[in-house]
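# Sharing a model that was predicted from the sequence below.
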Amino acid sequence: MLRVKAGDEEALRELIERHQRAVIGVIYRAIGDAWEAEDIAQRVFIQVFRSARRYKPTAKFTTWLYTITHNAIRNEYRRRSRHAAESFEALTQPSETGEPGAQLADSRVMDPSQQVVERELQAKIQTAIQLLPEAQRTAVILCRFEGLPYEEIAEVLDCTVSAVKSLLHRARETLKEKLYGCY
Amino acid sequence: MAATDRNFSGKPVLDEGVNKMNCAKFQNEFDDRLDGRLDPARALEFDAHTAGCPACWPAWQAYRGMWEVVSRQPSVVPSFGFAQRTLRRLHEQAERRFWQLPVFRWATAMSLLIIVGVTGVMVCRQAETSRRVATYAAVQHDRLEDFDVIVSLDSLGGETQL
Ligand SMILES: [Zn+2]
C-alpha cells in the first residue's frame, strides 16, 4: 500500500489482483449483478488509488478497502432508488441469465432438476440478503462470507461492536423468517 | 431426540423458572456461538445445554440451519483482465480530469481570447497598412504625374522660358 501511496501503478495492479475477488464478491452479494459488481469494483480500486495519500498505515488495509466498498454499494443503492425507471424487481431479483463470473456452488455434481432447485434457493437467499437494511446487509456479508471479526465490521460501518452484534442479530432473525422452509 | 433421552437419562431436571432463565441466557448467545465469540469453556457449556434442552435445541437448529443456508449464496469470479481494465479506466479518467482542471479551462479561455485579440490586431494592422500603401501609392502616383509634366516641360528645353 505504501508503494500505491507513492503512485506506483504496478503496486496497484498487484493490490487489485490480491483483493479483486473479495471486493467483487462483496458487491455482487449486495447487488446481485456480476457486471455491475465489476463496474463498481473498478470504481472502488480507482478510489483506493486516488485516496491512497489519505490512508494511514495504522489502519488495517482491508478495513479501509471494505469501507470504500461499503460506501460504493450504498451509493449504488441510492443511485438506483433515484432512477425510477429501474424497477424494484431489477433491484432485488438476481438475474438468471447466467452472468459472466457467476458461480454456482457444486453445480457440476447436480442433476438438472437439483440445479433448478438450487438456483431457486440461491435466488431466494440473494433476494433476502438484498432486502436487508443497508448496515445489516453489509454486516451479514462481511461476517458470513469474508469472516471479518465484529471489531473490523464496526470500523467499516463506523459503529460500536455491540451495534454490530445487534445488526447481525436482527439480520439473522429476518433471514430466518424469509428463508423459512429452506433449512 | 437426544434432548428428551438425556432428560430421561438421570440428568437433574431444574426448576422450570430457573430453566427458562437459563434458556434465555443460552439463546442470547446464539450469535456469539455462531460467530465463535464464546470462550472454549462457555462454548462447551452452550453445546451441552442446547443439545439437552427441548426448548433450545430446535431454536438453535433453526438458527444455525439458516446461517448454513445463507452460505449457499453463489459467489462470483472476476472476469479475465479485470486489473488491466481497471488500470486503463484509471488512465482514461486521469486524462479526462487533467483536461477538465480549472487551470486548463482558464488556459483555454485565455488562449482563445489571445488568439482572437491577436487576429483582430493583425487584421486592423493589415487594413491600416493597406490604407497607407494605397495613400502612398496615390501620392506617388500624383508625384510621378507631376514629374512627367516637369520632364515634358524639360524636353521642351530652352525654347520655353517659364
Ligand atoms: Zn434451554
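Cool, got the structure. This one's a predicted model, so the numbers in the text were calculated from it and none came from an experiment.
# where along the chain do the strands fall?
If you meant another chain, say so; for now it's chain A. Taking DSSP state E, the strands of chain A run over residues A:102-103.
# Not quite, go with chain B.
Under DSSP E, chain B gives strands at B:75-76.
# Check it and tell me which residue is nearest its centre.
residue B:93 (7.7 Å; CA atoms, centre = their mean).
# How about that one: what's its closest non-neighbour residue?
residue A:46 (6.6 Å; CB to CB, 6 or more residues apart in numbering or on different chains). C-beta coordinates here come from the backbone N, C-alpha and C atoms, glycine included.
# got a list of what the one you found touches?
Applying CB atoms under 8 Å, 6 or more residues apart in numbering or on different chains, we find residue A:46 in contact with B:86, B:89, B:90, B:93.
# State the distance from it to residue B:85.
Counting by CB to CB, to the nearest Å, the gap from residue A:46 to residue B:85 is 11 Å.
# Next: residue A:162.
Residue A:162 is 41 Å from residue B:85, by CB to CB.
# neighbour count winner among those two?
Legend: neighbour count by other CB atoms under 10 Å in any protein chain shown for residue A:162 and residue B:85, higher for residue B:85 (15 against 10).
# What is the burial count for the closest residue to that one other than its chain neighbours?
Among residues not flanking residue B:85 along the chain, residue A:42 sits closest, at 6.9 Å (CB to CB, 6+ apart). Neighbour count of residue A:42, defined by other CB under 10 Å: 23.
# now do residue A:80
Neighbours of residue A:80 (other CB under 10 Å): 17.
# now swap in residue A:127 and tell me
Counted with other CB under 10 Å, residue A:127 comes out at 16.
# Tell me, what's the model's pLDDT at it?
Note for residue A:127: predicted pLDDT of 94.
# Tell me the spacing between it and the ion.
Going from residue A:127 to the ion by CB to the ion, to the nearest Å gives 33 Å.
# That residue and residue A:182: what is the separation?
For residue A:127, the distance to residue A:182 - CB to CB - is 12 Å.
# Now do residue A:160: how many residues are near it, please.
Neighbour tally, residue A:160, other CB under 10 Å: 12.
# Repeat that for residue B:54.
13.
# And the pLDDT for it?
pLDDT at residue B:54 comes out at 96.
# longest helix anywhere in chain B?
Across chain B, the longest stretch assigned as helix under DSSP state H is helix B:102-155.
# burial measure for residue A:57, as a count.
Neighbours around residue A:57, by other CB under 10 Å: 9.
# can you give me phi and psi for it?
Note on residue A:57: its backbone torsions stand at phi -60, psi -10 [degrees, to the nearest 10].
# Pull the contacting residues for it.
Counted by CB under 8 Å, 6+ apart, residue A:57 has contacts A:1, A:2.
# before we move on, what about the one 10 residues further on?
Neighbour list for residue A:67: A:155, A:156, A:158 [criterion: CB under 8 Å, 6+ apart].
# Quickly note the distance from residue A:68 to the ion.
43 Å.
# same thing with residue A:59?
Per CB to the ion, residue A:59 is found 41 Å from the ion.
# Quick check: that residue vs residue B:78, distance?
Taking CB to CB, one finds residue A:59 at 25 Å from residue B:78.
# in chain A, which spans are helices?
Using DSSP H, the helices found in chain A span residues A:2-5, A:9-31, A:34-51, A:61-82, A:88-92, A:112-130, A:134-140, A:150-157, A:161-178.
# Comparing the ones you listed, which comes out most buried?
helix A:134-140 (a mean of 23; mean count of other CB atoms under 10 Å in any protein chain shown).
# Only the C-alpha atoms, please, for stretch A:148-155, written as PDB.
C-alpha atoms of stretch A:148-155 as PDB (Å, rounded to 0.1, in the frame of the first residue of the first chain):
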ATOM      1  CA  LEU A 148     -14.400 -10.400   9.500                       C
ATOM      2  CA  PRO A 149     -14.500 -10.100  13.200                       C
ATOM      3  CA  TYR A 150     -17.100  -7.800  14.800                       C
ATOM      4  CA  GLU A 151     -14.400  -5.200  15.600                       C
ATOM      5  CA  GLU A 152     -13.500  -4.800  12.000                       C
ATOM      6  CA  ILE A 153     -17.100  -4.700  10.800                       C
ATOM      7  CA  ALA A 154     -17.700  -2.000  13.400                       C
ATOM      8  CA  GLU A 155     -14.900   0.100  11.900                       C
END
